[in-house]
Structures are given as C-alpha cells and as structure tokens.
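**Q** One predicted model, sequence on top.
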Amino acid sequence: MQTPHSWTGDTVSLCQHCFRALLQALARPCQPQELPGELAKESLPLPWELASIALTLCDQSSAVYLGSGLGSDDAHAWLRFYTGMNLVQSPCEADFVLVGTPCDLPLLASLKQGTATYPDRSATLVVAGTDFSAQPGILASGPGIRNTVPLPFRPADGFLAQWRDNHDRFPMGVDVFFCGRGQVAGLPRTTLLSA
Amino acid sequence: MKLQQDLHTPGEHADQEAPLAGYNFAYLDESSKRMIRRGLLKAVAIPGYQVPFAGREMPMPCGWGTGGIQVTASLIGKEDVLKVIDQGSDDTTNAVSIRSFFKRTTGVATTTHTKEATLTQTRHRIPEEPLREDQLLVYQAPLPEPLRWLEPSEQETRVLHALEEYGIMNVKIYENIMRHGTIAMSFDYPVRVAGRYITSPSPIPRFDNPKMNQCPALQLFGAGREKRLYAIPPYTEVKSLDFEDYPFTVQHWDEPCAICGSRTSYLDEVVLDDEGTRMFVCSDSDACQATLAKKLAREAAGKDTSEASDE
Amino acid sequence: MYVAVKGGEKAIAAAHRLLRQERRGPCDIPELGLDQIAHQLKFAVDRVMAEASLYCPNLAALAIKQAAGDLQEAIFLLRAYRTTLPRFAASLPLETDCMRQSRRISATWKDLPGGQILGSTFDYTHRLLDRSLEGNASCDPAPCAVQETADNKAFACAAESQESPETPESAGSAGFRDTGSFPHPPRLPRASHALEQEGLLERSWSAYEQERQGRMEDAQTLAAIADITRDPLELPCDRPEDRPLRLQMLARADEGFLLGMAYSTQRGFGAVHPFTSELRRGLVECSIVPEELDFPLVIGELEVTECVTISRYTGTALDPCLTQGYGLVFGNNERKALSMSIADRALRAREMEEEETGPAQNPEFVLLHGDNVDASGFVQHIKLPHYVDFQAELSLIRELRKARANKAQDGAKDGAAKEGTETSGGAQA
C-alpha cells in the first residue's frame, strides 16, 4: 500500500478552490458545487472530498471529531499529518465533525450549538459519501435560495425532524456540508426543509 | 474626456510579475486564511451576525480597508478578476493602492469594469451595474456595529443582538423623526437582514441600500480594526429600517450627471470655482463611462431617438 | 478637472519617491547605519520591539530607519512583518528570577537580599543639554564600562569590600559582555517575597503565582492561554483568569496611552497609589520544549524590564492587605513597565470588588483603545476621500433646512402679518 503521506501537491491553490466551493455551497444551500479534483486520483485512506475539505478548514486550532466510519488508523494519521488537527473524543466538544457515510450521522442536538451571544461557536458537520443522483421531492427555502430548490439527495431516516429542530434553534445551530461524487452541498441552519 | 483609469487595459494580466517574493500567495499565511475562511462560513450561516475573528496586521493601516483586504486575500485565486473601488471610483488613491497590493501579491488580473470582475472590493459604494450570481462583493466596514452610537459597550450590544432587543434603534429613528420630520440618516443606514439581525451596511449612502436586497451576489463584510466578519447571502431579504408612516427613501438629484447624463446614478458634487459653481457627476466612474460610451455611440450612429441620456 | 479630484497610480508613485528622498535627506550627510540606530538609539529600538511584539533589534532598527524616525510607523512596519512569520513553538515563561541583572531597584526596602543595583538610568541626570555631544565625541568604551559596572556594584553591595575594577569577572557578573560563562546567575527572589511570606500580599495573587509555577513545564496548559494575536478578544475580559490576556494587550499597548492611564489612576480617576516594590532589568533566557524532546532548550537571551508595584487594597471584599500590579516589557523601558503594572492593577478593580471611578479601571476602554496601530489607522483614515458620504450628508442637511424653512414660512403665514426678517435659513436652501 502507498504510504499515507505521499501527497505533495499545491495546498495553497487546492484550499483556495475548495474554500470557494464551500462558500458558494453554504451561500446557495442545496445547490451542489464542484470540488477541486487535485486529490481525486490519490490513493487516500478516506474519501477525497472529505480530505480536501479537512485540509481547507482544519488545523491545530480546530477540535475535530471523526465519526466511526473514519476510524482507521491510516485516516487518523493522514488527517493529523496534513492538517495538524486536534482530535477530540466526544462529538460535543468538536468544532468540526467529519463523517464517512450518511448513515453515520450523529444526532445534531448532541453537537456544539453555539451560544445566544456567540452563535458562530457551533459545530460544522461534514458528511461524505452523499449520492447526489436522487431528489426525494423535498423543498428547501431560506437565505441564499431564490424561491425554492429541491433537496439534491435522500436524507437519512429521521434527519428531517432533527433538521427542523436545528432550524428552530436559529441563530444557534449546526451547519452541514454534504459531499460525494466530487461535489459539495451546504445546509446552513437558516435553510427550511419541507416535504 | 478620458479618465485615467482607462489607461489600464481591462483584464490586464500581470503573470510575468511573480507574486511578491518572501510572502505567501495573497500575502496572508495559510493558517490566517483558514481562520478567516472558517469565520466567513459561519458569517454566511448566520446572515447579518458579526463573527469575531483574530484580525491580522496588514501592511496597510487599520481603517484603510484591512478588513476587506483580509477577506479578499482569503477568497482570491489565480483565476479571479479583481476590481477595487473607493467612493465608487477605481481611480481614488486608496483603491489604486489596494489594487496594486493584490497585483503584487497574487499576480491576478484586475479590471475597472464591474461586469468583468469576479471579485469586487469596495469602500462606501455598491456599483450601479447590477451584480450577478457569479460575482462576489467584499465591503470594507469601519464600524460594523450598528448599535454602537446608541450603546458604546461591545458587551452590551452583543447581548442586545442576542435578545433581538432592538428597541433603542427604533427610539433613535423615532427621535429623528420628531426632531427633523424625517429619518435623518444619510449613510450607513441600518438594515435588518433576513428578518433577524440589525446590521450595518457599511458607510454606503442610503441610495445604495436597496441594491442589497435579494442581491444575486454573495456580499461579505470585513472590519479589520474591530475584528469582525459578516455576510449577506444571495437572495436574502435586506430591509432598511423605517416606520410605516415614514417609509425609507433614497437620495435624488435635480440634475443629471454632467458627464454621461444619467439620472439614475449616485452623484458626487464638484465645486468648480470660487463663486460656488457646482457640477454633479457620477460617483461610479465605470458606470459613468459605460453610459457615456453608449450615448456617444447612439449619437454617432445618428439615430436621433428621443432623450438618450436617461439610461 | 473631474480627474483632478482623483489620485492616480502616478501620483502615488511620486509621493513615495518624495518620501524616500525626504527620508534620506541631503546626500552630503552620511547615511545612517542600522548598527548606529541599534546601538545609539537604543530606547527607540526597544520601544519599537515592545509595541511590535517582536524581539529583533536589527529589524527594529531597519524599521526606524525606513520610517525616518516615526516610531509608530516603525512599530507598524515591524508588526506587519511579524504577522507573516510562521510560529514554530511557544516558549516557556521567562524566569525573571534568574535574570542577569543590569539594574534592580526597590523603593519599598532600603536594602534587600541581592541588593540594589542602580544600573544605567536617566534618573538623577540633570536635564541640561550636553553641548559636548554636538561634535563627534571620541569613544573610549572599554575602561569606562568596567568602571561604571564596578561603581554600580559598589552601590549594590555597600557593605561588601570594594572589588578591583580591573578584574574581568566583576564586569561580567553585571554587564552583558560575558555571554560565554554559564551556569545560570543565582536565583534572585522578588522583593515582595518577604511580604508574601508574612501573608500581607493578596491571596489571589499568591495562589495564581503558585499555580503558574506548578504548571510551568506543562506545555499544554500554556497553549491553553489565549494568544491575542491569534484569537479574537472576548469582552468583558475582567475575570482573574483573563489577566494573561490583559497583560498581553498591555505589553504591546502604546506607551503614551498607558502612561496616561497610569497617571490618571494616580491622580484619582481610580484608586491606585502604588509603591515600586521592584523594578529590574537585564537578560533572561528564553527556552522552548520541542515536541520531539521533553526537556527545555535555551534558544536565546532577551533584555526585558520587569516591574512589580504594590498598593494598599481599598475595597471591602478582602482583608486589609497589599495588592500587586505587574509589568513586563522588551528592552529597556521603565516608563512603560511602571505604567503597565499600574494599569494592570487598576484593571483588576472588578475582580477585587472595588469601586470603579476611572476609565483606567474599565477593561473594554483600556484594551480596545490602547493599540496604536489600530488607533492611528482609524484616526488617520479620515484623510481618505469621503465625498460619497459627505454628499449624502450635504443633501440631507439641505433637505432638512428646506423643510424647516417651508414650515417656518407656513407658520409665518398662519401667525398673522408679523413680517419675519430672520429667514436666513431659507436663503441657502
């Protein structure tokens, strides 16, 4: 197997492209954006979309919780080596929660929600393995969306109810990125989902 | 009449000049950019809320656009086309200085044409040309807290925002009306974003406030000295504060722009002589040139259609 | 003429050329060297290093030269450079007890363990212009340095027998020359130690100190202390545990601002009437613990000025006792170190439940307004064009005056045929 620390690409450019995709994704909820493909061909111990996002957002000053789908030592080693992130044991302490598959989703209410005076101090959840080929007929509305747009993936069971609670906690609450197949879609706390 | 800004070729490439030796692309180091990027994402997720960030010292003075510059530095990439305006114009000294800073540190293409820009950094104006979805607007915000004049303590204003306790702002507007018969605020006119946070639009004239509402472009604000970031996502309701019986209005002028003849743009007043003769000209120099070019083209084509200047 | 109100790239380039010329001055005068600045304008260099929070005399000298002696401009230059530097490690706390001292005085004790060392100081100089400096005075440093050091020592240990000024060790023990001969200088406890032992010093301070000593080696705890250059400041910043943050802010705050704050509390806007428990200056070692090794490595020496002031507690929450304020500044800067310790003490008013009577006791006021890079930028930004906003104000004022004049006219019509000669407001509208 290839060593996990073999990638030596241009992180400055990768992170800039990836950030612009994330920014647009969050500013235009549920409208998937292309992620830069620099890492797509690397053999990585974790989904490349997730690796790109982690590289872009996480460093020594971020407390990160890795979901069980990312439990491999190689994934830990890769993330630690390239980002220097601080791994934490419990999702409720994390600024970022990275999850390998949609079925691994933690309870949104168990993550950092921010406070009334500092609602920005809430967790960002990043979910890999999202399949953007199915549209389950759920409509999204809110800031960043002109009228409505369809939710571009099928949510996990019970997610919609959790999301309603998260949305109701505004201005506190969790923000989510769903990524997969080279794309990323944002779901900020302001977005209302309705069947 | 030819403006100096026309001397720049639009989309001028500075590829040959390598980014400034000894400094990272766009000046800021990657960890500072990451910190700002994390802040910007939270700012977008909570429209109009001021996210504290650890503003860095930039090689320009605080109060001269360091917040906007840090935001731009965190956004900008090699493919971007950058426009920088101050008071609506690309040719004001500070706009020139900031544009040349980014040319030196990134080598990206710059433009004076709003239409060509992917990224526009502005101080005190929103371009007259409507912005598109594929454009970003970065504001330099000197005093991000709209409640600051009413409550000097940051601790207190933060609590007021948390409780959505905006009574003092209504009282201020009411007092304004009592005293002046109108809402006497001409720039930095506070807005309410997405029905929640009262937010400073930065010191743009209130003429520009309506452009923020349901704008297709993402609007980002950076306050360097006060160390705050905030954002207005695209297609978001931005309402200028008013009362039902005293609705929000914008400035208007009795005469058109002396250069292009526009009656729909924001005008600057220029004093011409000691007698106090005045001339009014567009503050947005790019829009002014575009209108003028169209007008001249029409005149040259000899199409004597009605009044062409009302563009 | 429209273009004339705007500045172009050419104008800016020309302004910069002019500035460079003015900085250089007439070419028949020799150019200043950095070593001249670093060694002959040391106070300027020290101030720039302190407020830029970057210890590097050479770069500070360069900044001063480039700024043509404008120290705030030089501070800004160095700060902006500092921001771009990568961070390799966080140092351990400086052990100022182990300082190689060049000066140490206490105003509270006539004599104390370790003695008083007057060192170099402007104190007691008569502020008379020294005309002998007008020319290029000859320099004969070696013997005079030895002599001074010896005299200083004599002041320090008045009771001990006079040492021979010629012995190199006596110069080395108090001067900076002898960098080769380690081990550490002896640990010299603080002048306040005796008070602490007697229990006369506030308990919170001692507890904090003990805690600090205890966790000195614990790099993780150190990393947990927020860094004002990396984390946003969170107000009110008035709890005891916020003190490290406040001290960081004060250490790089504008010297003049801090001096004013300290002065205001001494005059009565806030009740700090301090004694100088101790003021010391000298070289301290700076160490880091690299991640791969688990022992500290000395990476260099810094000159610092440290000050502890003590004052009587005037509140009611504690038993009668003495309280402390702390100042620590890069280089030789006693004015700043003293001001800092007084301001530090004043800012603890809330935690000590004292009455707040002056701005120096308000953390938000002091911390947000003391940074001269922020302050100078914002004050000077009003030089930037504001004609859009000004135009907005103008049209609003015209509108308001017009409305008022119309109203007055209507009023005059209604209020019978009293003719009004005071319609000056309407004339301009």
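**A** Thanks, I have it. Numbering: from 1, shown residues only, chains lettered A, B, ... in the order given.
**Q** Taking chain A, what residue is nearest to chain C?
**A** The nearest approach of chain A to chain C comes at A:S61, 7.3 Å away (Cβ to the nearest Cβ). For every residue, glycine as well, the C-beta is placed using N, CA and C.
**Q** any idea whether that residue is helix, strand or coil?
**A** Three-state assignment for A:S61 (DSSP: H, G, I helix; E, B strand; the rest coil): coil.
**Q** Point to the residue nearest the middle of chain A.
**A** In chain A, the residue lying closest to the centroid (Cα atoms, centre = their mean) is A:V126, at 1.8 Å.
**Q** My guess is that one contacts A:S52. True?
**A** No - look at A:V126 against A:S52 with Cβ atoms under 8 Å: they stay out of range, at 10.3 Å.
**Q** Overlap in contacts, these two.
**A** Counting by Cβ atoms under 8 Å, 6 or more residues apart in numbering or on different chains, A:V126 and A:S52 have no common neighbour.
**Q** related to what we said a few turns ago, just checking, the residue of chain A closest to chain C touches C:P232?
**A** No - the pair A:S61 / C:P232 is not scored as a contact, 11.8 Å apart, by Cβ under 8 Å.
**Q** Tell me which stretches of chain A form helices.
**A** Counting by DSSP state H, chain A has helices at residues A:11-27, A:48-57, A:73-83, A:159-168.
**Q** hey, which of those helices is tucked in deepest?
**A** Ranked by mean neighbour count under mean count of other Cβ atoms under 10 Å in any protein chain shown, the helices of chain A are led by helix A:48-57, which reaches a mean of 25.
**Q** Dump the C-alpha coordinates for it into CSV.
**A** Extracted C-alpha coordinates of helix A:48-57, given in CSV (Å, rounded to 0.1, in the frame of the first residue of the first chain):
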residue,chain,number,x,y,z
TRP,A,48,-11.0,12.5,-1.2
GLU,A,49,-13.8,15.1,-0.9
LEU,A,50,-13.6,14.9,2.8
ALA,A,51,-9.8,15.1,2.8
SER,A,52,-10.0,18.3,0.6
ILE,A,53,-12.4,19.9,3.0
ALA,A,54,-10.5,18.9,6.1
LEU,A,55,-7.3,20.3,4.5
THR,A,56,-9.1,23.6,3.7
LEU,A,57,-10.8,24.2,7.1
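**Q** Would you mind pulling the contact partners of it?
**A** With Cβ under 8 Å, 6+ apart, helix A:48-57 has contacts from A:11, A:14-15, A:18-19, A:22, A:35-36, A:38-40, A:42, A:44, A:64, A:70, A:78-79, A:82-83, A:85, A:96, A:98, A:100, A:124, A:126, A:128, A:177, A:179-180, A:182-184, B:34, B:37-38, B:41.
**Q** contacting residues for the residue of the stretch 201-311 of chain B found nearest chain C?
**A** Of all residues in the stretch 201-311 of chain B, B:P205 sits closest to chain C, at 4.1 Å by Cβ to the nearest Cβ. With contact taken as Cβ under 8 Å, 6+ apart, B:P205 is in contact with B:H124, B:R125, B:S186, B:F187, B:Q251, B:Y266, C:V388, C:D389, C:Q391, C:A392.
**Q** Pretty sure the third one sits against C:L400.
**A** No - shown here, B:S186 and C:L400 do not form a contact pair, counting by Cβ under 8 Å, at 10.1 Å.
**Q** so A:T130 touches A:F178, yeah?
**A** Yes - in this structure, A:T130 is within contact of A:F178 by Cβ under 8 Å, at 4.1 Å.
**Q** what residues do the two have in common as contacts?
**A** A:P102, A:F153, A:A185.
**Q** What is the end-to-end distance of stretch C:87-94?
**A** 18 Å (Cα to Cα, to the nearest Å).
**Q** Could you check it and say which residues are buried?
**A** Judged by neighbour count (16 or more other Cβ atoms under 10 Å in any protein chain shown), stretch C:87-94 contains these buried residues: C:L92, C:L94.
**Q** Check stretch B:212-226 too.
**A** Per 16+ other Cβ under 10 Å, stretch B:212-226 contains these buried residues: B:M212, B:C215, B:A217, B:L218, B:Q219, B:L220, B:F221, B:G222, B:A223, B:G224, B:R225, B:E226.
**Q** In helices, which of these appear?
**A** B:M212.
**Q** tell me, which of the buried residues of stretch B:212-226 make contact with chain A?
**A** When Cβ under 8 Å from any Cβ of the partner chain is applied, the members of those adjacent to chain A are B:L218.
**Q** how about the buried residues of stretch B:212-226 in TSV, adding distance to C:L129 and pLDDT?
**A** Below are these laid out as TSV (distance: Cβ to Cβ, whole Å; pLDDT from 0 to 100):
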residue	distance to C:L129	pLDDT
B:M212	61	98
B:C215	65	98
B:A217	63	98
B:L218	62	98
B:Q219	59	98
B:L220	56	98
B:F221	53	98
B:G222	49	98
B:A223	47	97
B:G224	43	94
B:R225	40	92
B:E226	45	94
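**Q** between the buried residues of stretch B:212-226, which is closest to chain A?
**A** Of all the buried residues of stretch B:212-226, chain A sits closest to B:L218, with 4.5 Å by Cβ to the nearest Cβ.
**Q** nearest spatial neighbour of that closest one, skipping sequence neighbours?
**A** A:A27 (4.5 Å; Cβ to Cβ, 6 or more residues apart in numbering or on different chains).
**Q** ok, the one you found - contacts?
**A** A:G144, A:G186, B:V44, B:L218, B:A231, B:P233, B:P234.
**Q** got the contact list for the fifth one?
**A** When the contact criterion is Cβ under 8 Å, 6+ apart, the partners of B:A231 are A:A27, B:L40, B:A43, B:V44, B:P47, B:G48, B:L218, B:Q219, B:L220, B:F221.
**Q** ok, the contacts of B:P205 vs A:A140, which is closest?
**A** The shortest gap between A:A140 and any of the contacts of B:P205 belongs to B:R125, at 33.0 Å (Cβ to Cβ).
**Q** Tell me the pLDDT of the closest one.
**A** Per-residue pLDDT puts B:R125 at 96.
**Q** who in the stretch 251-400 of chain C is up against chain B?
**A** So the stretch 251-400 of chain C meets chain B at C:364, C:368, C:373-374, C:376-381, C:384-389, C:391-396, C:399-400 (Cβ under 8 Å from any Cβ).
**Q** Excluding chain neighbours, what is closest to the closest residue to chain A within chain C?
**A** In chain C, the residue that lies nearest chain A is C:R230 (7.3 Å; Cβ to the nearest Cβ). Distances taken as Cβ to Cβ, 6+ apart place B:A54 nearest to C:R230, at 5.2 Å, with adjacent residues excluded.
**Q** sorry, back to before: with neighbour count as extra columns, can I get the shared contacts of A:T130 and A:F178 in CSV?
**A** Formatted as CSV, the shared contacts of A:T130 and A:F178 follow (neighbours: other Cβ atoms under 10 Å in any protein chain shown):
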residue, neighbour count
A:P102, 19
A:F153, 22
A:A185, 25
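**Q** At which residues are the strands of the chain located?
**A** Looking at chain A here, since you left the chain open. Remark: strands assigned in chain A by DSSP state E are A:33-34, A:63-66, A:86-87, A:96-99, A:124-127, A:139-141, A:149-150, A:175-180, A:183-187, A:192-194.
**Q** let's do chain C instead
**A** Going by DSSP E, chain C shows strands at C:100-105, C:275-288, C:297-312, C:322-330.
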